[in-house]
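Visitor: Fold the following for me, if possible:
(2 chains)
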Amino acid sequence: MNGPHDMGGMQCYGPVEPEADEPVFHGEWEKRALAITVAMGGTGMWNLDQSRFARESLPPVQYLSSSYYQIWLAGLESLMKARGMVTGSELDGGRLDIPPVETKRPAADRSVMKTILATGGPVSREASGEPAFKAGDAILTRNNHPAGHTRLPRYARGKPGVIAAIQGFHVFPDSNASGKGEDPHWLYSVAFKARDLFGSGSHEVLLDCWEPYLERAAG
Amino acid sequence: MSDHDSHEHHDHDHSHLDGMELKVRTLESLLVEKGYVDPGALDEIVETYETRVGPRNGAAVVAKAWNDPAYLDRLRENATAAIGELGFTGRQGEHMRIVENTPQIHNMVVCTLCSCYPWPVLGLPPVWYKSAPYRSRAVSEPEKVLSEFGVTLPEGKTIRVWDSTAEMRYLVIPERPAGTEGWHEEQLAELVTRDSMIGTGLALSPDETT
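Guide: Just a heads-up that it's a prediction; the model follows:
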């Protein structure tokens, strides 16, 4: 979806303002917002790509005027509401209206959570078939504008690049976010010249691109 | 939770923060009551990222890479496994790659689409990393962004910007500062700042530390 999250190349946001001696959290609520978001992900009621898409799908004005933890919370609320896990009035008032739904995985306790954090959730899958491209191949990114979740930013669509490396065989977000399964594909590191992407600049930009984002360059 | 200063200040920021404190407290008790989350697990998550996982982990990786060529080879071959040797594993670090700065190349990492960041080695991302100015401009005008961090690169150095569009997570290995020959890993790690591992800074020189 061409949404407000897809920020690469925009020029309207002013300078970067690093904060000296920035604390890990700004206020107690950020700690709990992080923890609740991570813990709720552990219930298995949605996957990583669905949680990203929920954040991207927030109203643009809300997305742009929220801090990142506020975006996370709003995305979480929308995921829970869509699955009948909570109601809007419960979120407003804190009082139970409806019974809990059964989650795919039970709530992790402290020791299970410790293990989950230390192991994570790899998205590499056993490869099937050979990669279509090899390092050094010239490619063109597809100029697709899907209405759903995708991880090929607008600034890199329809652009020439070169395969820098094969990264592995990974879950495909475009499919996984839509609930159509993991549909894993070969993932490549692809190098682009800044002037091909933005019209000027002497730097290079490298993106990780799944095979369906790419086609072989003509000639 | 502390709310000791909420009655002393009534500026906009504080009333906004108080609103968020209340909102999140309400949310937490609702989800606990429904049995969706366990408060002990929430404490574990906060303590992990507040006290145990942060940029000192990444600094240990970089210092070892500088001092131990065999370790650097293992990082190049399989960074996830080599970083795991030091005990740094898990969420948002399942697929690690190192990118090495050289006299010719300066690497810089961004996530233009969200906030992807290598948690096991750097902890949680700073606010600027997740902000619109960095996410929008790191890919299109990295020299200018670097100048906002006070970094000017020598003429002729090529910048490579890595946009974390998949689950690959990048750790920049900054150039080893001159004048550190024979230093131990613990001393070297003191020179490795968080920003130097994102690529928005350089490692400190020996006279920049106390």
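Visitor: Chain A versus B:Asp43, what's the distance?
Guide: 7 Å (Cβ to the nearest Cβ, to the nearest Å). C-beta here means a position set from N, CA and C on the backbone, and glycine is covered the same way.
Visitor: Counting neighbours, what do you get for that residue?
Guide: By the measure other Cβ atoms under 10 Å in any protein chain shown, the count of residues near B:Asp43 is 15.
Visitor: And A:Val101, by the same measure?
Guide: 14.
Visitor: Repeat that for A:Glu211.
Guide: By other Cβ under 10 Å, 18 other residues sit near A:Glu211.
Visitor: what sits against it?
Guide: Contacts for A:Glu211 (Cβ atoms under 8 Å, 6 or more residues apart in numbering or on different chains) come out as A:131-133, A:185-188.
Visitor: any idea which residue sits dead centre in the chain?
Guide: Just going to use chain A. Residue closest to the average C-alpha location in chain A (Cα atoms, centre = their mean): A:Arg52, at 4.4 Å.
Visitor: Let me rephrase: I mean chain B.
Guide: Centroid-nearest residue in chain B: B:Leu122, 3.5 Å away (criterion: Cα atoms, centre = their mean).
Visitor: before we move on, back to that, distance check, the residue nearest to the centre of chain A against A:Asp21.
Guide: Distance, A:Arg52 to A:Asp21, by Cβ to Cβ, to the nearest Å: 30 Å.
Visitor: Return the helix or strand in the chain with minimum mean pLDDT.
Guide: In the absence of a named chain, this looks at chain A. Ranked by mean pLDDT, DSSP states H and E, the weakest helix or strand in chain A is helix A:88-93, scoring a mean of 93.
Visitor: now swap in chain B and tell me
Guide: Of all helical and strand segments in chain B, the minimum by mean pLDDT, DSSP H and E falls on helix B:12-33, at a mean of 84.
Visitor: contact partners of that helix?
Guide: With contact meaning Cβ under 8 Å, 6+ apart, helix B:12-33 is reached by A:27-29, A:32-33, A:36, A:40, A:70, A:73, A:77, A:86, A:90-91, A:93-94, A:96, B:1, B:3, B:5-6, B:37-39, B:42.
Visitor: is it true that A:Pro60 touches A:Pro4?
Guide: Yes - using Cβ atoms under 8 Å, A:Pro60 makes contact with A:Pro4 at a distance of 4.2 Å.
Visitor: and residue 18, how many neighbours?
Guide: No chain was given, so I picked chain A. A:Pro18, neighbours per other Cβ under 10 Å, totals 18.
Visitor: that's the wrong chain, I wanted chain B
Guide: B:Asp18 has 17 neighbouring residues, counting by other Cβ under 10 Å.
Visitor: that older thread, just the closest of the contacts of A:Glu211 to A:Arg110, please.
Guide: Nearest to A:Arg110 among the contacts of A:Glu211: A:Leu187, at 34.3 Å, using Cβ to Cβ.
Visitor: thinking again about what came up before, which SS class is the residue nearest to the centre of chain A?
Guide: Per DSSP: H, G, I helix; E, B strand; the rest coil, the local secondary structure of A:Arg52 is helix.
Visitor: thinking again about what came up before, show me how to select, in ChimeraX, the buried members of the contacts of helix B:12-33.
Guide: The ChimeraX selection below is limited to those of the contacts of helix B:12-33 classed as buried (16 or more other Cβ atoms under 10 Å in any protein chain shown):
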select /A:27,28,29,32,33,36,40,70,73,77,86,90,91,94 /B:37,38,39,42
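Visitor: Sort out for me which of the contacts of helix B:12-33 are in strands.
Guide: Per DSSP state E, strands hold no members of these.
Visitor: And the top strand by length along chain A, what's buried?
Guide: For chain A, the longest strand by residue count, based on DSSP E, is strand A:160-170. Across strand A:160-170, burial judged by 16+ other Cβ under 10 Å covers A:161-170.
Visitor: So what touches the next helix-or-strand element following it?
Guide: The helix or strand immediately downstream of strand A:160-170 is helix A:173-176, counting by DSSP states H and E. With contacts defined as Cβ under 8 Å, 6+ apart, helix A:173-176 is touched by A:47-50, A:52, A:146, A:148-151, A:181-183, A:210, A:212, B:166.
Visitor: can you rerun that using 6 Å?
Guide: If you take Cβ atoms under 6 Å, 6 or more residues apart in numbering or on different chains as the criterion, helix A:173-176 is touched by A:47, A:49, A:149-151, A:182-183.
Visitor: With stretch B:81-95 instead?
Guide: When contacts are defined by Cβ under 6 Å, 6+ apart, stretch B:81-95 is touched by residues A:117-120, A:122, B:57, B:60-61, B:74-75, B:96, B:118-121, B:167-169.
Visitor: now do stretch A:46-54
Guide: By Cβ under 6 Å, 6+ apart, stretch A:46-54 touches A:75, A:78-79, A:149, A:173, A:176-177, B:114.
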